[in-house]
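Chemist: predicted model, plus sequence, below.
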Amino acid sequence: MNGAILVTGPSAAGKTTVARALAASFSRGVHLEGDAFRRAVVSGRHEMTPNPTDEALEQLRLRYAVTVRAARAYVEGGFTVVAEDVVAGHFLHEQAAHFDATFVLLPSLAALERRSAAREQDYGAFTPARLHRLFESETPRIGTWIDTSTQTPAETVDKIRRRLPSRP
């Protein structure tokens, strides 16, 4: 089986862990981490904020485009690709169009806050509450949405595998 799968959700939803495990569950799997593409910009990077600059939005669109191009190249090489990134709001509609399947991981706000606190990472203005609200209220219901509040990563991977189209 080869194709491209998008996994998204707010920070601390379990995207990276689930995407890596999901990719590993295929005989030829690739995990593309959106944050790696963000970190690749070592000078001149404009971070996303709740009120992003035009340059920050352009860099976000570029990151999403690079993810799609990399996914296509790996799929053409016979791999199943699992790309993950924070893709919310109207961007989800645009990005999901390039993938065979889309999964949105959205735990409860309490679970998101607990996981975020355990990470010891500064999310700046993108607090767990703000990100949860962005997904819950401003993101179109595209793809399969999974509440990962009480699931282990393995349970989430199993749920995704059961919901994949015959050729993702």
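Modeler: Received, thanks.
Chemist: lowest-scoring secondary structure element of this protein by mean pLDDT?
Modeler: Of all helical and strand segments in the chain, the minimum by mean pLDDT, DSSP states H and E falls on helix 109-119, at a mean of 86.
Chemist: just give me the longest helix of the protein.
Modeler: Criterion DSSP state H: the longest helix present in the chain is helix 54-76.
Chemist: the next helix-or-strand element following it packs against which elements?
Modeler: Using DSSP states H and E, the helix or strand that follows helix 54-76 in sequence is strand 80-85. Contacts defined by 3 or more CB pairs under 8 Å, 6 or more residues apart in numbering; DSSP states H and E place strand 80-85 against strand 3-8, helix 15-24, strand 29-33, helix 34-39, helix 54-76. Backbone N, C-alpha and C define where each C-beta goes, glycine included.
Chemist: buried deepest among the ones you listed, which one?
Modeler: Comparing these by mean neighbour count (mean count of other CB atoms under 10 Å), strand 3-8 comes out on top with a mean of 26.
Chemist: where does the prediction get shaky in the chain?
Modeler: 1, 120-125, 167-168 (pLDDT under 70).
Chemist: and residue 3, bridged to which residues?
Modeler: Counting by DSSP bridges, residue 3 forms beta bridges with residue 80.
Chemist: tell me how far it lies from residue 30.
Modeler: Separation of residue 3 from residue 30 (CB to CB, to the nearest Å): 11 Å.
Chemist: and for residue 52?
Modeler: Between residue 52 and residue 30 the computed distance is 29 Å (CB to CB).
Chemist: can you check residue 130 too?
Modeler: Separation of residue 130 from residue 30 (CB to CB): 31 Å.
Chemist: residue 51 too?
Modeler: 34 Å.
Chemist: just residue 162 next, same as before
Modeler: As judged by CB to CB, residue 162 and residue 30 stand 21 Å apart.
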